[in-house]
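1. what's the 3D shape of this:
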Amino acid sequence: MPASAASYTTPINPSLNYGAWQGWGASLSWWANVFGMDNTLADIFYTTGSVAYHGRSLPGLGLNVVRYNLGASMTQPAWPGGPSEAVSPNQPAYRKIEGYWVNWLSDNPADTNSWSWWGDSEQRNMVWKARDRGADVFQVFSCSPIWWMCNDQNPCGAADGGDNLQSWNYQQHARYVAIVAQYFREQWGVDVGSVDPFNEPSAPWWTADGSQEGCHISADLNRPIQQKVIRYLREELDARGLSDIVIAVSDENSYDQANTTWSNLAALGTQSLVGQVNVHGYQYTDSGSARSALHNNVHASDRPLWQSEYGEQYEHGLYLAYNLALDLRYLHPTAWCYWQPVDSQVTDPATGNNLSWGLLKATYSNDPTVKSGSLGEPNPCPGTDPYVTNKYFVLAQYTRHIRPGMQILDSGDPSTVAAYDPGRHRLVLVTVRGNTSQDITYDLSRFSAVGSIARRWVTDADPYYRIARQYETAPDAPLNGKQLTISFGANSIQTIEIDDVWI
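-> Predicted structure coming up:
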């Protein structure tokens, strides 16, 4: 048995309220490009019911935020005998997202010679399935401008990783994003609330031989391309009566880069056109300072902040819980989104084990012309399920209990997320414990009244996959007045619900 760490007490402070929670989500992109017609996957991700899946019952995650990936690829030429997309030799077909604007001859979306609205049916069908199951927050984001807007006609990037959006297409790219948002609303019954015209645009790794769509688009003060696109996008949205659709930017890869980009937008007067900041959670080494710096910068501008993309390959889920807790403690987002909830395995070079970026496991074909894939992995990491990763259950500890409309409170602890439901007078606490067992006391003395019983759920997240419990109920725990002490085993996550809690 691991030695116990020193016990500690953390005060839950209802007077420090970080705002209403919008919800949990995921990007569609590749997984929905293959499995977008799958009703079972839609039930798993977008409901909170119990869903039968390959011989077991999964607790639905209850995601309500849907990030639709606006495609940049097409198989047909711009017109018969005209130019065609330049295709990276390293891009499998399942990562090619079909676009709608076929060529530059007409910007009228009703012109069938220049627009094809029947493409990308799998991803779009998953949008509808999510909506019909209760998802209510929809965002359109672009990884790359449509291929013919790129300098090299390649939506994977430029040969040198530099800027790849043609200068005469800055407004065309903005127009494309606005037209698709309008089409989603008026023709497809999906109320898009925000659009992001970029995805990790400051990154240098979007190259012509890449494996996915991407485009470097500078926001430097001497090359303010993002700023120009943002101005055009606000004009294009407003011209279509979409003034309520928020522009979100810039989905940078790290908290530090997002901070720099946001400051650059301020320096050139573009912040006023932006209604939301998106950031990705790949700065794994940050212990909170970079998150806090970004939050303070964005909060000073009175803009909401999303952690719009997170992912890593360790399927035990311990790192997911660590980073999610740090996000809500220091970044204070109003929504938190996973990247690819159904993803393929990778090989750990240190151990040779097959690991997975996804919550559910899949095997995708690397065929460059035919997109295909199957659910599950033929050679899962020893001791793990071939279809479901343990981090699925770790994420369920948060998503099923911290629901849209709840208030995120200060927990006093970087390992704990605290949320309050003012309608139900319910307090939810989710804590991740590291490699030692520990007793944690939650001090609830700042609430005017609290209930007497705490309900509990637990998932083990051992890095060596010594996992016994996956979203299992634990015995109720009694409160001692306004204090609750819970014993945590090593490498575990517990969710605690207390009713009759009044601020």
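
2. May I see the domains of this protein written out as residue ranges?
-> The chain breaks down into these domains under automatic domain parsing: 8-15+407-498, 28-38+49-77+84-399.

3. Let's have those in a markdown table, adding mean pLDDT, distance to residue 22 and mean neighbour count.
-> (C-beta placed from N, C-alpha, C; glycine too.) Putting the domains of the chain into a markdown table (pLDDT from 0 to 100; distance: least, C-beta to C-beta, whole Å; neighbours: other C-beta atoms under 10 Å) gives the following:
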| stretch | mean pLDDT | distance to residue 22 | mean neighbour count |
| --- | --- | --- | --- |
| domain 8-15+407-498 | 96 | 10 | 18 |
| domain 28-38+49-77+84-399 | 96 | 4 | 20 |
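
4. center of this structure - which residue?
-> Centroid-nearest residue in the chain: residue 337, 2.3 Å away (criterion: C-alpha atoms, centre = their mean).

5. who touches that one in this structure?
-> 24, 25, 26, 27, 65, 67, 306, 307, 308, 309, 310 (C-beta atoms under 8 Å, 6 or more residues apart in numbering).

6. Next secondary structure element downstream of the helix or strand where it lies?
-> Assessed by DSSP states H and E, residue 337 sits inside strand 335-338. Using DSSP H and E, the next helix or strand after strand 335-338 towards the C-terminus is strand 342-347.

7. so how far is that next one off the chain centroid?
-> 17 Å (C-alpha atoms, centre = their mean, to the nearest Å).

8. Which residue ranges of this protein form helices?
-> In the chain, the segments counted as helices under DSSP state H are 29-35, 39-46, 121-132, 170-186, 225-239, 255-267, 289-300, 318-326, 390-399.

9. Any chance of these in a markdown table with distance to residue 476 as columns?
-> Converted to a markdown table, the helices of the chain look like this (distance: least, C-beta to C-beta, whole Å):
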| stretch | distance to residue 476 |
| --- | --- |
| helix 29-35 | 37 |
| helix 39-46 | 28 |
| helix 121-132 | 34 |
| helix 170-186 | 45 |
| helix 225-239 | 50 |
| helix 255-267 | 38 |
| helix 289-300 | 34 |
| helix 318-326 | 23 |
| helix 390-399 | 17 |
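
10. out of those helices, nearest to residue 433?
-> Closest approach to residue 433 among the helices of the chain (C-beta to C-beta): helix 318-326, 9.2 Å.

11. didn't residue 381 look like it was pressed against residue 313?
-> No. Counting by C-beta atoms under 8 Å, residue 381 does not reach residue 313; the two are 10.2 Å apart.

12. okay, and the common contacts of the two?
-> Counting by C-beta under 8 Å, 6+ apart, the common neighbours of residue 381 and residue 313 are 355, 356.

13. do you know how far residue 145 is from residue 117?
-> Applying C-beta to C-beta, to the nearest Å, the value for residue 145 to residue 117 is 18 Å.

14. One more: residue 57?
-> Residue 57 is 38 Å from residue 117, by C-beta to C-beta.

15. Next: residue 466.
-> From residue 466 to residue 117 the distance is 51 Å (C-beta to C-beta).

16. Also residue 222?
-> Distance, residue 222 to residue 117, using C-beta to C-beta: 39 Å.

17. Which residues outside stretch 254-272 are in contact with it?
-> Contact partners of stretch 254-272, identified using C-beta under 8 Å, 6+ apart, comprise 202-203, 219-221, 224, 226-227, 230-231, 249-250, 252, 274, 277, 279-280, 282-283, 286, 290-291, 293-294, 297-298, 301, 303, 331.

18. quick one: contacts for residue 82?
-> Taking C-beta under 8 Å, 6+ apart, we find residue 82 in contact with residue 103.

19. residues contacting residue 172?
-> Applying C-beta under 8 Å, 6+ apart to residue 172 gives the contacts 104, 107, 145, 149.

20. Would you reformat those residues as JSON lines and include distance to residue 451?
-> What follows is the contacts of residue 172, written out as JSON lines (distance: C-beta to C-beta, whole Å):
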{"residue": "104", "distance to residue 451": "63"}
{"residue": "107", "distance to residue 451": "59"}
{"residue": "145", "distance to residue 451": "54"}
{"residue": "149", "distance to residue 451": "57"}
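
21. Would you mind checking which of those residues is nearest to residue 86?
-> Relative to residue 86, the closest of the contacts of residue 172 is residue 149; by C-beta to C-beta it sits at 12.6 Å.

22. Relative to residue 242, how far out is that closest one?
-> According to C-beta to C-beta, residue 149 stands 21 Å off from residue 242.

23. among the contacts of residue 172, which two are most distant?
-> Going by C-beta to C-beta, the pair spanning the contacts of residue 172 furthest: 107 and 145, at 13.9 Å.

24. Output stretch 446-466 in CSV with nothing but the alpha carbons.
-> Taking Å, rounded to 0.1, in the frame of the first residue of the first chain, the C-alpha atoms of stretch 446-466 are listed here in CSV:
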residue,chain,number,x,y,z
ARG,A,446,-18.9,29.9,4.3
PHE,A,447,-22.2,28.5,3.2
SER,A,448,-25.3,29.5,5.3
ALA,A,449,-26.6,25.9,5.4
VAL,A,450,-25.5,22.5,4.2
GLY,A,451,-27.0,19.1,4.0
SER,A,452,-26.0,16.1,6.1
ILE,A,453,-25.1,13.5,3.5
ALA,A,454,-22.7,13.4,0.6
ARG,A,455,-23.2,11.1,-2.4
ARG,A,456,-20.0,9.8,-4.1
TRP,A,457,-18.7,8.3,-7.3
VAL,A,458,-15.1,7.1,-7.9
THR,A,459,-12.8,6.2,-10.7
ASP,A,460,-9.3,4.8,-10.4
ALA,A,461,-6.6,6.3,-12.7
ASP,A,462,-3.5,4.4,-12.0
PRO,A,463,-0.7,5.1,-14.5
TYR,A,464,0.2,1.4,-14.4
TYR,A,465,-3.4,0.5,-15.1
ARG,A,466,-4.1,-1.1,-11.8
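
25. how about the nearest residue to the residue nearest to the centre of the chain, chain neighbours excluded?
-> Among residues not flanking residue 337 along the chain, residue 25 sits closest, at 4.2 Å (C-beta to C-beta, 6 or more residues apart in numbering).

26. nearest to residue 47, of the contacts of residue 337?
-> For those, the nearest to residue 47 is residue 24 (12.7 Å; C-beta to C-beta).

27. Return the set of residues that bridge with residue 458.
-> Counting by DSSP bridges, residue 458 forms beta bridges with residue 472, residue 494.

28. And it, how far from residue 495?
-> Residue 458 sits 8 Å away from residue 495, going by C-beta to C-beta.

29. now residue 463
-> Remark: distance between residue 463 and residue 495 (C-beta to C-beta) = 21 Å.

30. same question, residue 21
-> Shown here: residue 21 relative to residue 495, a distance of 15 Å by C-beta to C-beta.

31. quick one on the thing from earlier: the strand holding residue 337 pairs with which strands, and in what direction?
-> Sheet pairing of strand 335-338 (DSSP bridges) gives strand 23-27 (parallel), strand 305-310 (parallel).

32. In TSV: these, plus distance to residue 136.
-> Formatted as TSV, the strands paired with strand 335-338 follow (distance: least, C-beta to C-beta, whole Å):
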stretch	distance to residue 136
strand 23-27	8
strand 305-310	15
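
33. Which among these is found nearest to residue 159?
-> Residue 159 sits nearest to strand 305-310 of all the strands paired with strand 335-338, at 25.8 Å, using C-beta to C-beta.

34. Show me what that closest one is in contact with.
-> Outside strand 305-310, the residues that touch it by C-beta under 8 Å, 6+ apart are 22, 27, 67, 139, 141, 196, 248, 251, 276-282, 294-295, 298-299, 320, 323-324, 327, 331-339.
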